[in-house]
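**Student:** I would like the atomic coordinates for the input below:
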Amino acid sequence: MEITSNAAGTIPDTHLARVFPPRKGHPAWGVEGPASVIKSWGGAAYDSKRRRLILAGGGHTDYGGNEVYAFALDRLDWRRLTEPSALDAEDNTTDGTPVARHTYDGMEYHPGLDRVLMFGGSLYRDGAARDSAIWHFHPGPALWQPGAQAPLTGWPAAAVDPRTGHYFVHVQYSLLEYRPVDNRWIRRSPREDHVGEGAAAIDPVGNRFYLLASGKLWYYSLDRLVTLYRHRADSFGDTGVERRRGAGLDYDPVHRRLVAWDGGRAVWSLDPVALEWIRHPNADGPAPVGTIVRYGKRHPISNGVFGRWRYVPGADVFIGVNSAHDNVWVYRMPDLGTDGTN
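**Tutor:** Here you go, the predicted structure:
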């Protein structure tokens, strides 16, 4: 379902661009401007306490604004929670907040802490992943606080384990674990073969961390107390989503399935026991358009969905957004028969 207006009916769309900061006097507009918070490898987290999708982005040469946005499901509108910070000569913020970055799938809401955790990413202006701190965003007062430094950093794909409250994040070569209770990092895997940016989700029933990246589905078994190793999931069925670069991935606790979205009409779901992908084509009715035509060729609207695809507890829907100039969408999984079909 497309969310075509705010709850009061006074705003005719749910475009993030409505609440962008003005360009005049902006500290770091960059090449793309604030549309980059979605377009350029931008992620998000779902604040289940306040029922808001929280989003930040920018990074590299695209955009240097580090403001935070929220889409509230009670009002059905976007708000800008913070303002873009001023930068010094080395492109660090002057107020101690995190530098704008491609957030990928590094933003996760932690319900126990009531904070959004953010890690890694490609920073403004040089594009390097040079920030190894984990950042805590307090959604209530809208304040940032730095956490512990990790042993390495990179392009993140993260998920919070609902059983332990630990934040697990994969960065190209390794899996890291952050323990909020004592603000401590642990490197859980050795250096392995390079896997590019992607999205992650944890299946709490099977106790696995899943990673959708580099054209494949991978997993780590979290029940081991010592070193963890990355495995290729022996998935089958309609595996097309594994080749969709930057597809979003989250866990549906009602259907006990991993659910992926690449920004377009179709949605894919995976039974983590059988490892069978099912494509839900949504052939009838409205659906997002994930591509545009430029110079006679079709291109994706954004450089990946990553964390902008989130399960909404209580409502049993997913919320997805793929452009600052298009509406927000929600999706409900179909009823699945005993054979897994619609």
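
**Student:** hmm, residue 261 is touching residue 248, no?
**Tutor:** Yes: with contact defined as Cβ atoms under 8 Å, residue 261 counts as touching residue 248 (5.0 Å). For the C-beta atoms, the positions are set from N, CA and C on the backbone; glycine is no exception.

**Student:** need the residue closest to the centroid of this protein.
**Tutor:** residue 307 (1.2 Å; Cα atoms, centre = their mean).

**Student:** let me see the backbone angles for it.
**Tutor:** Main-chain dihedrals, residue 307, degrees, to the nearest 10: phi -90, psi 10.

**Student:** tell me the contacts of the residue nearest to it when sequence neighbours are not counted?
**Tutor:** Once flanking residues are discounted, residue 307 sits nearest to residue 43: 3.2 Å by Cβ to Cβ, 6 or more residues apart in numbering. By Cβ atoms under 8 Å, 6 or more residues apart in numbering, the residues touching residue 43 are 55, 57, 103, 104, 105, 106, 107, 306, 307, 308.

**Student:** tell me where the stretch 51-200 of the chain is predicted with low confidence.
**Tutor:** Along the stretch 51-200 of the chain, the model assigns pLDDT under 70 to no residue.

**Student:** residues near residue 2, how many?
**Tutor:** The local packing of residue 2 (other Cβ atoms under 10 Å) involves 15 other residues.

**Student:** how near is it to residue 286?
**Tutor:** 5 Å (Cβ to Cβ, to the nearest Å).

**Student:** before we move on, what about residue 23?
**Tutor:** From residue 23 to residue 286 the distance is 32 Å (Cβ to Cβ).

**Student:** so those two - more neighbours on which side?
**Tutor:** residue 286 (12 against 9).

**Student:** what residues are up against that one?
**Tutor:** Counting by Cβ under 8 Å, 6+ apart, residue 286 has contacts 1, 2.

**Student:** report pLDDT for it.
**Tutor:** In this model, residue 286 is scored at 89, pLDDT.

**Student:** one step back: so the residue nearest to the centre of the chain makes contact with residue 37?
**Tutor:** No: look at residue 307 against residue 37 with Cβ under 8 Å: they stay out of range, at 12.0 Å.

**Student:** my guess is residue 83 contacts residue 21. True?
**Tutor:** Yes: using Cβ under 8 Å, residue 83 makes contact with residue 21 at a distance of 6.6 Å.

**Student:** and for those two, which residues touch both?
**Tutor:** Common contact partners of residue 83 and residue 21 (Cβ under 8 Å, 6+ apart): residue 67.

**Student:** scan the contacts of residue 43 and report the most crowded one.
**Tutor:** Most neighbours among those, by other Cβ under 10 Å: residue 105, with 36 neighbours.

**Student:** who does that one form a beta bridge with?
**Tutor:** Residue 105 has these beta-bridge partners by DSSP bridges: residue 157.

**Student:** related to what we said a few turns ago, which of residue 261 and residue 248 has more residues huddled nearby?
**Tutor:** Neighbour count, other Cβ under 10 Å: between residue 261 and residue 248, residue 248 has more, with 30 against 27.

**Student:** look up how far residue 147 lies from the spatially closest residue to the more buried one that is not a sequence neighbour.
**Tutor:** Nearest residue to residue 248 in three dimensions, chain neighbours excluded: residue 309, at 2.7 Å (Cβ to Cβ, 6+ apart). Here the criterion is Cβ to Cβ. By it, residue 309 lies 25 Å from residue 147.

**Student:** more crowded one of those two?
**Tutor:** Between residue 309 and residue 147, counted using other Cβ under 10 Å, residue 309 has the larger neighbour count: 30 against 19.

**Student:** who's in contact with that one?
**Tutor:** 199, 247, 248, 249, 250, 259, 260, 261, 318, 319, 320.

**Student:** could you export those as CSV, including secondary structure and distance to residue 88?
**Tutor:** Listed next are the contacts of residue 309 as CSV, based on DSSP: H, G, I helix; E, B strand; the rest coil; distance: Cβ to Cβ, whole Å:
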residue, secondary structure, distance to residue 88
199, strand, 33
247, coil, 37
248, strand, 34
249, strand, 37
250, strand, 37
259, strand, 42
260, strand, 40
261, strand, 39
318, strand, 40
319, strand, 36
320, strand, 36
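
**Student:** in TSV, list those residues along with distance to residue 222.
**Tutor:** Shown next, in TSV, are the contacts of residue 309 (distance: Cβ to Cβ, whole Å):
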residue	distance to residue 222
199	17
247	22
248	21
249	16
250	17
259	20
260	20
261	24
318	23
319	26
320	26
